[in-house]
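Asks: Requesting a structural model of the entry that follows:
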Amino acid sequence: MKLIYLNETSNTISSSIFEAVLDNVTKYVSHAKHEDVELLITNNSRIQELNRQYRQKDSPTDVLSFAFEDNVHLGQVVISIEKAKIQAYEVGNTLEEELRFLFCHGVLHNLGYDHEFYDEEQKMLAKTYQILGRKNF
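Replies: Modelled structure (predicted):
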């Protein structure tokens, strides 16, 4: 799967960290047959605007995902760098680890995974950690 990457922040973040996640997504999720996925790295004000527009929640969030309705383009994942930095610090991750986690989370949402209920959340976390090469959660 090809990554279409846009970073509108002043932070230098290599696309290779996200491409590695995509390689594992196609390895561990059998229905991940799409040609590409979009990723936008942005700030809190931009993601808050999108969150308000599409989810009617007027606050910044860490990641948003928008699935496309075709078999070619998986969709778009939007990550707030500011939220990612805070969360990385809070859980003891590096920024790169947190960005990889959030990107994987968004991609899995676009592939139909969800975490509304406990059992769904456990399945989604297990798949996330498998893709990221982590042993447990």
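Asks: Which parts of this structure are helices?
Replies: Using DSSP state H, the helices found in the chain span residues 16-28, 44-55, 81-91, 95-110, 118-132.
Asks: roughly how far is the first one from the heart of the chain?
Replies: To tie it back to what came earlier, the one meant is helix 16-28. For helix 16-28, the separation from the chain centroid amounts to 11 Å (computed by C-alpha atoms, centre = their mean, to the nearest Å).
Asks: Pull out the buried residues from that helix.
Replies: The neighbour-count check on helix 16-28 (16 or more other C-beta atoms under 10 Å) flags 18, 21-22, 24-25 as buried. In short, each C-beta sits where N, CA and C put it, glycine included.
Asks: Output those residues as TSV; include the columns pLDDT and distance to residue 110.
Replies: Below are the buried residues of helix 16-28 laid out as TSV (pLDDT from 0 to 100; distance: C-beta to C-beta, whole Å):
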residue	pLDDT	distance to residue 110
18	98	14
21	97	13
22	96	12
24	96	15
25	97	10
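Asks: Output the residues you listed as a markdown table; include the columns distance to residue 126.
Replies: Listed next are the buried residues of helix 16-28 as a markdown table, based on distance: C-beta to C-beta, whole Å:
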| residue | distance to residue 126 |
| --- | --- |
| 18 | 21 |
| 21 | 16 |
| 22 | 19 |
| 24 | 14 |
| 25 | 14 |
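Asks: before we move on, the earlier item: quick one, which of the helices of the chain gets closest to residue 67.
Replies: Closest of the helices of the chain to residue 67 is helix 95-110, at 4.3 Å (criterion: C-beta to C-beta).
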